[in-house]
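[1] model the structure of this input:
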Amino acid sequence: METDPMNATEYLRSLCRLLHFGVPPGDVLALQDQPDWEAWGKALADRAARYAEDGESALREGRVASAEALLRTAAVCFHYAQFKWQSGDMRAALRERSRRAFALAAPLSCPPAEPVAIAFDELRLPGYVRRIAGDSPAPWIILLNGLDSAKEVELDRFADGFVRRGANVLYCDLPGLGELAGRSSLRRFDAAFSAVASWLAARCNGDARIGVFGVSFGGHLACRAASLSPHVTAAVCLGGFFDTAALERLPGPARDNLRRAYGLPVDAPLEELRPTIDLARLPTPAAPRILIVHGSDDHLADAAQVERLCRWAPQATLRVWPGGEHVCTNLFARCLPDLWDFAVGSLRAGGPAAASVA
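    Residues are numbered from 1 along each chain as shown. The predicted structure is shown next:
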C-alpha cells in the first residue's frame, strides 16, 4: 500500500480537522512522530479498536452516555486512520468499522440519528435523519459529502450545529460516495439528489423548507442541487469548486476518490471530467439565499474559483475568511456558527443573515 511520507507541514495542515471532528488530542500528539501515513493510520486504528471495545462494553452494561462517546470516538478514529491511504481492502475495512461503530452510537444521540434507505432506481441510498422535538414543523438541511469525508463523521458533526439552531437534518450517501463508492457513479448525482429532495418533501406533505449544505467537493454538489432542484430554497457552499480547474491540486487520495466516484480508471486524466464538473453548464440557481464560504489561503479552491461561483450565482452572499485554509478548518470556531445561522435563518421567514467577517 502506498502512502505519502509524514512531514510537519502536512500534519499541521491536518491537525485542525482531526481535532475538530473528534480524534482525541492525546492520540494526535502520541502519533505525530510516525514515519508515514500508513504507520500513522495503523496506530490510530489500534486505538480506535480499543475505543470500540470499551464502547460496546459500556453499551452492554447500560452506561449509555459513555457508550455513545466511546463509539463516536471509535467511528472518528477508524475513519481518519484511512483518510490518507489509497483505495484497497484495508481502507475499505476501516471504513466499514467506522460505519459499524457509528451505527451503534446513532440511536443514543440527542436527537437520535435514525437510519434511512432512500429508493433511487436500483439503489437504496443509505443515510440518517435527525429530527428535533416540537409540534411546529422545522426546516430541513440536506448535507453533502466531500471526497474524503463521511456521513458518520464530518457530516454528523456539521449536523450538530444545524440541529442546535432548530433544523432537522438528512445526510446520505449518493451514487459513487461512501457506502456506494465503486457501486455506482456520481454522474448520477442530479437525478439522485432529486429523488432525495422529493422523498423528503413527501415526508413533509409537500410543505418542507429545504436547504442544502456541502463541504469541499460537496460544496460544488450543493451548488448543483440549488440550480436543479425546485425544492431547495437556501444553500451553503463551504470551500466548493466551480469547475475542474481546481482538481489537479487535489492530494493523491482525493484524486483516487474522485476517479472512483465517477467510475474512471485509476490512471485516467481528471480532464475527462471537465464536461461533468462545470457549473457554467447549469442555470443560475433559483434559490434566493446562497452563502459561499472560502478561506483566503485555500490551496485548492483559489480566488478564480470563488469569482466564477459569484458570477454564476449573483444573489449569493460571499464570505472570504482572512487566513482561512481549505474549507476554513483553522477558523471553524468562527465560520461554522456564521454559516449555521445563515442556513437556518434563511429557511425561517425573516431569519438572520450571516454575520460580517472582520
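[2] leaving out the residues flanking it, which one is nearest to Ala150?
    Once flanking residues are discounted, Ala150 sits nearest to His79: 5.3 Å by Cβ to Cβ, 6 or more residues apart in numbering. Quick note: C-beta positions are derived from backbone N, CA and C, even for glycine.
[3] what's the helix or strand for the one you found?
    Applying DSSP states H and E as the criterion places His79 in helix 64-81.
[4] that older thread, these two touch, right, the residue nearest to Ala150 and Val153?
    Yes - at 4.6 Å, His79 and Val153 qualify as touching, with contact defined as Cβ atoms under 8 Å.
[5] who has more neighbours out of the two?
    Between His79 and Val153, His79 has the larger neighbour count (other Cβ atoms under 10 Å), namely 27 against 24.
[6] how close does that one sit to Leu273?
    25 Å (Cβ to Cβ, to the nearest Å).
[7] equivalent analysis for Leu94, please.
    For Leu94, the distance to Leu273 - Cβ to Cβ - is 27 Å.
[8] and Phe241, by the same measure?
    11 Å.
[9] on that earlier part again, higher neighbour count, Leu94 and Leu273?
    More crowded of Leu94 and Leu273, by other Cβ under 10 Å: Leu94, with 23 against 20.
[10] that one is in contact with Gln82, isn't it?
    Yes - between Leu94 and Gln82 there is a contact under Cβ under 8 Å: 4.2 Å.
[11] any idea whether Glu152 is helix, strand or coil?
    Counting by DSSP: H, G, I helix; E, B strand; the rest coil, the backbone at Glu152 sits in helix.
[12] going forward, begin numbering at 58 instead of 1
    Okay, using 58 as the starting number, the last item reads as Glu209.
[13] near it, how many other residues are there?
    Glu209, neighbours per other Cβ under 10 Å, totals 28.
[14] so what sits against both of Leu151 and Gln139?
    Residues touching both Leu151 and Gln139 (Cβ atoms under 8 Å, 6 or more residues apart in numbering) are 98, 102.
[15] tell me which stretches of this protein form helices.
    Ranges of helices in the chain, per DSSP state H, are 65-77, 82-87, 94-117, 121-138, 146-162, 213-221, 246-260, 274-285, 309-318, 360-369, 389-403.
[16] which of those helices sits closest to Asp205?
    Closest to Asp205 of the helices of the chain, according to Cβ to Cβ: helix 309-318, at 5.5 Å.
[17] okay, buried residues for that closest one please.
    310-318 (16 or more other Cβ atoms under 10 Å).
[18] out of those residues, who's nearest Ala292?
    Distances from Ala292 to these, taken by Cβ to Cβ, are shortest for Ala318, at 20.7 Å.
[19] pretty sure the closest one contacts Asp205?
    No - using Cβ under 8 Å, Ala318 is not in contact with Asp205; the gap is 10.6 Å.
[20] name the residue closest to the centre of this protein, please.
    With distances taken as Cα atoms, centre = their mean, Asn202 lies nearest the centre of the chain, 3.2 Å away.
[21] show the pLDDT at that residue.
    Note for Asn202: predicted pLDDT of 92.
[22] show me the contacts for Val350.
    Counting by Cβ under 8 Å, 6+ apart, Val350 touches 293-296, 376, 378, 385, 392, 395-396.
[23] in the sheet, who's paired with it?
    When bridges are called by DSSP bridges, Val350 pairs up with Leu295, Arg376.
[24] check it and give its pLDDT.
    Reading off the model, Val350 has pLDDT 98.
[25] tell me which residues of stretch 328-346 come out buried.
    So, applying 16+ other Cβ under 10 Å, buried residues of stretch 328-346: 330, 334-336, 342, 344, 346.
[26] of all those residues, which comes closest to Pro287?
    For the buried residues of stretch 328-346, the nearest to Pro287 is Ala344 (9.5 Å; Cβ to Cβ).
[27] ok, and the closest non-adjacent residue to the closest one?
    For Ala344, the spatially nearest residue (Cβ to Cβ, 6+ apart) is Ala283, at 4.4 Å.
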